[in-house]
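Chemist: here is a sequence with its predicted model. Questions after.
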Amino acid sequence: MAEDAKPLLIKRYASRRLYNTETSDYVTLEDIAGFIRAGREVQIIDLKTGDDLTRQYLLQIVAEHESRGENVLPVDVLTDLVRSYTTQAQSVVPQFLAASFEMLREGQSKMMENFGSFPNPMASMPGFEALQRQQQAFLKSMMAGWGKPASEPETPAEPSDREELNAIKKQLADLQSKLSKL
């Protein structure tokens, strides 16, 4: 298990072939996806330059799965991600996504532990409702400056929504302030 704690090192050769340093053989993107599904961390580096290419290859794996119809990411989420690259929101989106997935992983672990105990496992997942509210409020605040299509009427926020929205706006302003000081 100690060996599984360190990332599996994959080297990319000039020929673009991917080499598994543990098993001394060539691997495909699908092999790498399998390692990740099995719980293994991977690191992909360019042999010649030493550049870390992990992010590039993980995005390629996601894109290939999405193009084969294995849709996990809704179009509106993909659209929001594209928008986040051109706005100030890009500074908070990575932290938000990481926190959301961490919360999801923790909830999945607890759900699997208690799977037989509850009639509706998703409803009983710790923090699930809070996560949903937080994500909705975050997306509302992120979308506030982008405008809405003419066909979509503006709906006034309920008082609790406004409070959550104001809290998120304050957190965003605090994060932006901290980042600008760095």
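Modeler: Received it, and whenever you're ready, just let me know what you need.

Chemist: what about this protein, any weak spots by pLDDT?
Modeler: Applying pLDDT under 70 to the chain flags the ranges 1-4, 88-91, 108-109, 111-128, 131-133, 135-161, 179-182.

Chemist: and the helices in it?
Modeler: In the chain, the segments counted as helices under DSSP state H are 2-5, 29-37, 54-67, 75-84, 93-113, 128-143, 159-181.

Chemist: now the ones you listed in a markdown table, with mean neighbour count and distance to Lys11?
Modeler: Heads up, the C-betas are built off the backbone N, CA and C, glycines and all. Formatted as a markdown table, those follow (neighbours: other C-beta atoms under 10 Å; distance: least, C-beta to C-beta, whole Å):
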| stretch | mean neighbour count | distance to Lys11 |
| --- | --- | --- |
| helix 2-5 | 8 | 18 |
| helix 29-37 | 14 | 12 |
| helix 54-67 | 13 | 12 |
| helix 75-84 | 12 | 29 |
| helix 93-113 | 13 | 26 |
| helix 128-143 | 15 | 38 |
| helix 159-181 | 12 | 34 |
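
Chemist: make TSV out of the ones you listed and add distance to Arg17.
Modeler: Converted to TSV, the helices of the chain look like this (distance: least, C-beta to C-beta, whole Å):
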stretch	distance to Arg17
helix 2-5	24
helix 29-37	12
helix 54-67	13
helix 75-84	30
helix 93-113	30
helix 128-143	40
helix 159-181	39
